[in-house]
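S.K.: predicted model follows, preceded by the sequence.
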2 protein chains.
Amino acid sequence: MIKVVFLGFGNVNSHLCRAMAESEQVSVMQVFNRTAMQLPKTLQAIPFTTQLSEIKEADVYILGIPDDAIESFSATLPLRDQLIVHTSGGVAMDALSNQNRMGVLYPLQTFSKQRTIALDKVPICIEASAPEDLGLLRQLGSTISEIVVEISSEERAKLHVSAVFVNNFVNYLYTVSEELLAKNHLNFELLKPLILETAHKIETLSPSEAQTGPAKRNDRKTIEKHVHLLKDSPYKELYTQLTQAIETTYGKKL
Amino acid sequence: MIKVVFLGFGNVNSHLCRAMAESEQVSVMQVFNRTAMQLPKTLQAIPFTTQLSEIKEADVYILGIPDDAIESFSATLPLRDQLIVHTSGGVAMDALSNQNRMGVLYPLQTFSKQRTIALDKVPICIEASAPEDLGLLRQLGSTISEIVVEISSEERAKLHVSAVFVNNFVNYLYTVSEELLAKNHLNFELLKPLILETAHKIETLSPSEAQTGPAKRNDRKTIEKHVHLLKDSPYKELYTQLTQAIETTYGKKL
């Protein structure tokens, strides 16, 4: 039985807590949060505290707080030689205070309060300062997911940049489309099957095999028509930049 | 029974043909293709020709050929006062020759030879020069999809630009990520659950509600770290441009 305490209860930790609480191999000892709050109904049997001095003993302390608070918060913990892991894609392991053993347990997924996510196919990226802790984190990760991979801080930083491209930037393109359609009184719903198929397509094709469109085939007539349609839009430049990027990648036919 | 002839047998027409052939209300009379080819096994009962002079009588002729061939090919058809529809998002209806009645039947989806797509949730955008043909296209569209919408050429052009953002540009961002990971010997598979959740998230949240990431929260520290990681990459500029675009949309916190 792995004893776990959650420090902070934002999106990531609430998802991890829910999943680990369901495992027979994990005992969630406590949730700490700076401010008082009510745990979700199914988790209300878990002891809760707002006091650092009341934090219980555990095998792993899972930090789920904003990136820029990890360093300072971990230094204020009244714990010594315990395993403290953070859950961030964008922060190196050694941002954690060295008063304790350091580790990372980063679920590579986008979380929001409104959506429950099945974690069993989500890659859990682990890292630990001590080799024996790596085994423990691997064991802990596999209680919630089939995919547990050891990833160094350096690799995780690169993974995180890539995640920004496929998540933040992609979602931004959805936003742009929604706005373009709204301006023309067209329903964004119309694009949803296309959005889903675009994502599902790369389960069986590589993204470069799946690439289509006017920029890929250097269809100047369509591109010019689109640029003209966007002439008063704040997104004309973005259209041009992405079109050029695709043309550069796939090589202009001259 | 609506009698249909397919002119051209690329990705779009092969998907439409497969779906319509299964409908009790459609009779696929013939497939024409410029060059000889073998129809897929399940469609081999359909008569096939490479000769314009042999094209059979039908209620609707569905043109599935490259955008830039629509105008000239439709003018060479040995048909008069028939209903000829094209299937393109990027071409106005009146690109079709006015020797015949004009129409559009545009399935708003991305098609590839390697993937079979269920059309029943795919929006079929229809347009016709004659009001009575609109009814026929609505009826034909509803034999393959639950969603049939009347969309003018002007609206379709705007829909098509938006489709480029959520399909071609989004897929390009997948390509960029795959390349960034490959350079660092990291497996693109790791990002697939994130890619799928990013797409599925907007089934329940609007894209602007779903937006997260360093650019949205103006996290300069992470952004600078990412730009540094990308310093020798051809994608540094794209990262910066998209980050700035998101910051502009969501307003910089100064």
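M.R.: That came through, no problem.
S.K.: can you pull out the strands in chain A?
M.R.: Using DSSP state E, the strands of chain A run over residues A:2-7, A:26-32, A:48-49, A:60-63, A:83-86, A:101-107, A:124-128, A:148-150.
S.K.: out of those strands, which is closest to B:Thr110?
M.R.: In terms of CB to CB, the element of these nearest to B:Thr110 is strand A:101-107, at 29.4 Å. Any C-beta I mention is one placed from the backbone N, CA and C, and that applies to glycine too.
S.K.: alpha carbons only: can I get that closest one in CSV?
M.R.: What follows is strand A:101-107, C-alpha atoms only, in CSV (Å, rounded to 0.1, in the frame of the first residue of the first chain):
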residue,chain,number,x,y,z
ARG,A,101,14.0,13.7,-1.9
MET,A,102,12.8,15.1,-5.2
GLY,A,103,10.6,13.6,-7.9
VAL,A,104,8.2,14.3,-10.7
LEU,A,105,4.9,12.6,-11.6
TYR,A,106,3.6,14.5,-14.7
PRO,A,107,0.4,13.3,-16.3
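S.K.: out of the strands of chain A, which comes closest to A:Asn187?
M.R.: Using CB to CB, the strands of chain A put strand A:101-107 closest to A:Asn187, at 33.7 Å.
S.K.: let me see the domain layout of chain A.
M.R.: Domain assignment of chain A by automatic domain parsing yields the ranges A:2-151, A:156-250.
S.K.: for chain B, what is the nearest residue in the stretch 51-200 of chain A?
M.R.: Of all residues in the stretch 51-200 of chain A, A:Asn168 sits closest to chain B, at 3.2 Å by CB to the nearest CB.
S.K.: could you dump the strands of chain A into TSV and include mean neighbour count and mean pLDDT?
M.R.: Output for these, formatted as TSV (neighbours: other CB atoms under 10 Å in any protein chain shown; pLDDT from 0 to 100):
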stretch	mean neighbour count	mean pLDDT
strand A:2-7	22	98
strand A:26-32	20	98
strand A:48-49	16	98
strand A:60-63	26	98
strand A:83-86	25	98
strand A:101-107	24	98
strand A:124-128	24	98
strand A:148-150	17	98
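S.K.: out of the ones you listed, flag the one nearest B:Thr212.
M.R.: Closest to B:Thr212 of those is strand A:101-107 (CB to CB; 14.2 Å).
S.K.: quick one: strands adjacent to that closest one?
M.R.: Here strand A:101-107 is paired, per DSSP bridges, with strand A:83-86 (parallel), strand A:124-128 (antiparallel).
S.K.: quick one: closest of the strands of chain A to B:Asp94.
M.R.: Comparing the strands of chain A by CB to CB, strand A:101-107 comes nearest, at 52.5 Å.
S.K.: got the contact list for that closest one?
M.R.: Under the contact criterion CB atoms under 8 Å, 6 or more residues apart in numbering or on different chains, strand A:101-107 has outside partners A:12, A:15-16, A:60, A:62, A:81-89, A:93-94, A:96, A:119, A:122-130, A:133-134, A:137, A:140-141, A:145, A:151, A:153, A:156.
S.K.: hmm, the residue of the stretch 51-200 of chain A closest to chain B is touching B:Arg217, no?
M.R.: No: using CB atoms under 8 Å, A:Asn168 makes no contact with B:Arg217, being 10.2 Å away.
S.K.: which one of these two is surrounded by more residues?
M.R.: A:Asn168 (22 against 16; other CB atoms under 10 Å in any protein chain shown).
S.K.: for the nearest residue in space to that one that is not next to it in sequence, list the residues it contacts.
M.R.: Counting by CB to CB, 6 or more residues apart in numbering or on different chains, B:Gly213 is the residue found nearest to A:Asn168 once chain neighbours are left out, at 3.2 Å. For B:Gly213, the contact set (CB under 8 Å, 6+ apart) comprises A:Val164, A:Asn167, A:Asn168, B:Ile246.
S.K.: enumerate the residues of the stretch 1-150 of chain A near chain B.
M.R.: By the rule CB under 8 Å from any CB of the partner chain, the part of the stretch 1-150 of chain A lying against chain B is A:67-68, A:90, A:108-110, A:112, A:114-115, A:117, A:121-123, A:125, A:147, A:149.
S.K.: and the helices in the stretch 51-200 of chain A, which stretches?
M.R.: Secondary structure of the stretch 51-200 of chain A (DSSP state H, counting those that start in this stretch): helices at A:70-76, A:131-141, A:153-163, A:170-183, A:192-201.
S.K.: adding distance to A:Thr49, write those helices out as CSV.
M.R.: CSV is the format used below for the helices of the stretch 51-200 of chain A (distance: least, CB to CB, whole Å):
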stretch, distance to A:Thr49
helix A:70-76, 15
helix A:131-141, 22
helix A:153-163, 30
helix A:170-183, 35
helix A:192-201, 41
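S.K.: closest one to B:Leu230 among those helices?
M.R.: helix A:153-163 (6.5 Å).
S.K.: quick one: work out the angle between that closest one and helix B:170-183.
M.R.: Going by axes from the mean of the first three to the mean of the last three CA atoms, to 10 degrees, helix A:153-163 is angled at 170 degrees with respect to helix B:170-183.
S.K.: now helix A:153-163: buried residues?
M.R.: For helix A:153-163, burial by neighbour count (16 or more other CB atoms under 10 Å in any protein chain shown) applies to A:Glu155, A:Arg156, A:Ala157, A:Lys158, A:Leu159, A:His160, A:Val161, A:Ser162, A:Ala163.
S.K.: nearest to B:Leu52 among those residues?
M.R.: A:Ser162 (50.0 Å).
S.K.: please name the residues that touch A:Lys192.
M.R.: B:Ile202, B:Glu203.
S.K.: if you could redo that for A:Ser112, that was the one I meant.
M.R.: Residues near A:Ser112 by CB under 8 Å, 6+ apart: A:Asn11, B:Lys201, B:Leu205, B:Ala210, B:Thr212.
S.K.: so the fourth one touches B:Glu203, yeah?
M.R.: When you say that, I think you mean B:Ala210. No: with contact defined as CB under 8 Å, B:Ala210 does not count as touching B:Glu203 (10.1 Å).
S.K.: intersection of neighbour lists for those two?
M.R.: With CB under 8 Å, 6+ apart as the test, B:Ala210 and B:Glu203 reach no residue in common.
S.K.: who has more neighbours, these two?
M.R.: Ranked by neighbour count (other CB under 10 Å), B:Ala210 and B:Glu203 place B:Ala210 first, with 22 against 11.
S.K.: how many other residues sit next to the nearest residue in space to the more buried one that is not next to it in sequence?
M.R.: Setting aside the residues directly before and after it, B:Ala210 is nearest to B:Lys201 in space (CB to CB, 6+ apart), at 4.8 Å. Per other CB under 10 Å, the neighbour tally for B:Lys201 reads 23.
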